[in-house]
Every structure is written in structure tokens, then in C-alpha cells.
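Trainee: The sequence isn't on hand, but the structure is:
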């Protein structure tokens, strides 16, 4: 038997998800901060206005995730991802033409919706279907592309925009979006292990039958569970403040320590997110997910408070390193907490509904940071504010996040929540 035949195909799914999230994070998520700076510098849009437009991106992304969650249950998930990538590529191709306020907002709405349909909802749905026992490790490896894109893709994009402007960089960003996602999705991804005659984790049918029963909640059961609302509320604050920091950290570092330090801050954030996520995936095989999530929230609040007060290069980079470590793990923990508690039966809809709650935080915080910056004349007040909001999310999860007794929603409680 060949080596490739001995390897469980789910790990090829994980590798493909890693490649896809690398492209989407570098050309979409991290690119938002680069585009924000370019829209301000090249087109003269106020920081607050672009920050508000960025908020519409996240709202539209949440709606796109809801659509993707529904479609993933009805059609091949590969088609969902490819459609989202195609629309995102068209949006990127148009950035050199944007000059009016309505065009700025239209771009962010369409770009966000496309990202939602090609982003975390469909790819984490795939991993949740392919893995039960080693789900946390599979999540950590596949979602590491979210950080790796900031290391290998975002710096190239930033350099291209700096040298050639939005107009010159636009067609190349669009081409990279299509070529980086569509072939991988069509050639490697498969909708479920059952579609290939396999079982999750590569187990035999007998081993699967003998394994502890997995949670299997319907969408209606999940959204009525207190646990669903606690996790969604906690990550409303955590992910909102996280994205608010990400959207402005490049500009914070640039205004305080220069453009070279700003570029290095992005690289440090992405690198620490990558390493932190991989380490976190291994740690989660032994540590309860909720306790680990609370610890990451505490570190995020601390790093944001330090960034608020830091004005020298070394301190900014050190705080960014800590922030990146928490960022990588937090993005993984949100879907993992839900998958472990509710199972994969209606996972796409459950996660997309929770994500829609968190989207309001994602939409609000970048604009909040922008307006507080303009009101206070600096980033001290905005970053202290989002550090405090992070602590609110921590308090919600730490106080109310214990897994509800299984009798409330008819489920066997998972081992690590």
C-alpha cells in the first residue's frame, strides 16, 4: 500500500483548507488594513468614513456566512467556495476605479458577502465533518492559513499597493484570488468522508460505532441553548475588539514608529498567530477548551492595553506578538466550542448564526476605533477602550460558559468543554 493510500484523506482536506484560508486571509482579511490606509492616502477618504465602510464588510460577511451555511447542507460545498472566490476577485479587480463614497461602501458590502461565502463557515464545516476525535488539531492546522496569509501574502500585497497604487495592484490581486482558491477547491475538497466511503478520523465503522457518542443537536435545539448565547455574546466582544485592533494596528505602528515598523508589526502578528494556533491545537487535546479560551481573552486584553500606551518600536512589536498569539487561537476556538458542544448535524447553520451575532461586534469596533481616534487625536483612548470591552467578553464566558446539563437539549456533553 502506498504512503498516500495510508494517509487518511481528511488530512488532504485540512491541507486544502490551509491553502484556501491562506489566500482569503492575505487577500481579504489582512488586506482590509492595507486597503484602509490606501483609501485614506490615495483617495483622501477620512479614517472614520473608511472605518465605517469596513464595518459594512463584516455585516455583509455575516450574511454571506448564513447563506453559505444553508447552501453547504444542500449543494456541494466546493461550489459555494468557488462562487465566493469569483465574486471576491471581481471586487478586488475594481479597487482601482473607486472614487466615490457610494462606490467605497458598495465595494465593502460585496467584498464582505463574498468573503462570508468562501470563508470560515464552509471550510470549518468541512473539517467538522471529517474529524471528531482529532477535531481541535485539524482545526488548528487548517485555520493556520488565516495567519500564514498575513506572512506570505499580505506583505506582497502591501508592497504592490505602495509601489503601483490601487489601480496597478488590483488585477494581480484578483488573479491571485481565483488561482489560489478555485483549483484547490475543485481538485482536493470533498463534501464529507461518507462521500468517499470513509468514516471521520479514518476510523473503521466498528471503531466509529464503539467510540463515545458525539453530540448531535439540531439547529433549533442549539439556538435555544444558553451555551449558544453565552459563546456568541463572549465572541461578540472578543472578535469585535480583535478586528478593531487588526484594522488599525498597521496605522498605529506607522504613526508612532514609522512605516518599516508597521510592516514588521503585521509580519510579527501573523507569525505569532501561526505558531500560537499550532501550539494551541496541541494544547487543546489535553486542556478544556473553555479554560483555554478564557486565558486567551485575558492575554488579548493585556496586549491591547500595552499597545494603547506603547510609543516605541520594541514595545509595539512585543505587544503585537502577544496579540497575534491570542488572535490565532481565538479564531479557532469559536467554531471549536460550538462543534464540540453541538456536533456536526447542523453545524454550518449553527456556526453561521453565532458568527452573525459576532459580526455586529466586528462591524462596530473598527468604526469605534476610528471615531475615537479622531475624537481623541490618537490611539491611546481607542485601544484602552477595546481592551476593556475584551474583559467584558472574558467575564461572560468565565461566569456563564459552563456547559449546560445535557438534559436541557438532549445531548451527551463533550469531554473538553
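Mentor: Sure thing, it's come through. Not measured: the values here are computed from a predicted model. Numbers count the residues shown, from 1 in each chain.

Trainee: pLDDT weak spots in this protein?
Mentor: 1-5, 204-215, 403-417 (pLDDT under 70).

Trainee: Dead centre of it: give me the residue that sits there.
Mentor: residue 331 (5.1 Å; CA atoms, centre = their mean).

Trainee: any idea how far residue 156 is from that one?
Mentor: As judged by CB to CB, to the nearest Å, residue 331 and residue 156 stand 22 Å apart. Quick note: C-beta positions are derived from backbone N, CA and C, even for glycine.

Trainee: Next up, the contacts around the residue nearest to the centre of the chain.
Mentor: Taking CB atoms under 8 Å, 6 or more residues apart in numbering, we find residue 331 in contact with 120, 143, 146, 239, 277.

Trainee: same check, this time on residue 88
Mentor: 24, 27-28, 111, 114-115, 118, 177.

Trainee: now residue 23
Mentor: 145, 149, 153, 176-177, 180-181.

Trainee: Now go through those residues and say which are in helices.
Mentor: Among the contacts of residue 23, the members falling in helices (DSSP state H) are 145, 149, 176-177, 180-181.

Trainee: just those now: which is nearest residue 379?
Mentor: residue 149 (24.6 Å; CB to CB).

Trainee: Isn't that closest one up against residue 20?
Mentor: No. Counting by CB atoms under 8 Å, residue 20 is not a contact partner of residue 149; they are 9.8 Å apart.

Trainee: Mutual contacts of those two, please.
Mentor: Shared contacts of residue 149 and residue 20, defined by CB under 8 Å, 6+ apart, are absent.

Trainee: Look up how far residue 241 lies from residue 275.
Mentor: According to CB to CB, residue 275 stands 22 Å off from residue 241.

Trainee: Helices of the stretch 251-400 of the chain, start to end?
Mentor: Shown for the stretch 251-400 of the chain, the helices assigned by DSSP state H, counting those that start in this stretch span residues 259-283, 289-309, 313-342, 347-376, 380-400.

Trainee: Out of those helices, indicate the one that is most buried.
Mentor: helix 313-342 (a mean of 24; mean count of other CB atoms under 10 Å).

Trainee: Also compute the angle for that one relative to helix 259-283, please.
Mentor: On the basis of axes from the mean of the first three to the mean of the last three CA atoms, to 10 degrees, helix 313-342 is oriented at 30 degrees to helix 259-283.

Trainee: on that earlier part again, show the buried residues in the ones in helices among the contacts of residue 23.
Mentor: Buried subset of the ones in helices among the contacts of residue 23 (neighbour count, 16 or more other CB atoms under 10 Å): 145, 149, 176-177, 180-181.

Trainee: ok, so of those, who is nearest residue 58?
Mentor: Taking those together and measuring to residue 58 by CB to CB, the closest member is residue 149, at 17.5 Å.

Trainee: what's the closest one in contact with, if anything?
Mentor: 21-27, 29-30, 270.

Trainee: Among those, which lie within helices?
Mentor: Using DSSP H, the contacts of residue 149 in helices are 21-24, 30, 270.

Trainee: any chance of these in JSON lines, plus distance to residue 13?
Mentor: Converted to JSON lines, the ones in helices among the contacts of residue 149 look like this (distance: CB to CB, whole Å):
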{"residue": "21", "distance to residue 13": "12"}
{"residue": "22", "distance to residue 13": "15"}
{"residue": "23", "distance to residue 13": "16"}
{"residue": "24", "distance to residue 13": "16"}
{"residue": "30", "distance to residue 13": "24"}
{"residue": "270", "distance to residue 13": "23"}
